[in-house]
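Enquirer: this is the structure alone, sequence omitted:
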């Protein structure tokens, strides 16, 4: 039985524009990703010791970085909404509102995410930067994150959304 991205609606399967536009932007995405990895490395966000300091409440540094990222994202989304900006393909940029419901799915997802973060000492975002910085053991974490994402995509249609 063959699996296609089309079966996983909402998991990146949407048509995001012309293929030519995507291929032209790939080098830009690569450069931005490398620059982001350099910033993460230089700011010591990737440091296992900094992450442990955060989990032991010994330093405000990581909370400050995470908090500034949340504020930046909130301001950016508010600006996108206010200015009614459009994507490169001309579509309106919007974020669908989330429904809390019982909150169980957020509790379960946050717990799984937090356990993985605490066990590996790394948030999934900078795993590739850690591997690039020479911490090759994080390849296990990256493969686990990819496997978990695949499992979620496979199980998602059966979950009570």
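Expert: Ah, there it is. Owing to the predicted nature of the structure, the values given are computational and were not obtained by experimental measurement.
Enquirer: residue ranges of the helices in this protein, please?
Expert: When secondary structure is read from DSSP state H, the chain shows helices at 19-42, 48-55, 61-83, 104-120, 127-132, 138-155.
Enquirer: residues contacting residue 141?
Expert: Applying Cβ atoms under 8 Å, 6 or more residues apart in numbering, one finds that residue 141 lies in contact with 116, 120, 122, 124, 127. C-beta coordinates here come from the backbone N, C-alpha and C atoms, glycine included.
Enquirer: closest one of these to residue 31?
Expert: Compare each of these with residue 31 using Cβ to Cβ and the shortest gap goes to residue 127, at 19.2 Å.
Enquirer: okay, now that closest one: neighbour count?
Expert: By the measure other Cβ atoms under 10 Å, the count of residues near residue 127 is 22.
Enquirer: one more: residue 72?
Expert: Residues lying near residue 72 (other Cβ under 10 Å) number 10.
Enquirer: how near is it to residue 78?
Expert: Counting by Cβ to Cβ, to the nearest Å, the gap between residue 72 and residue 78 amounts to 11 Å.
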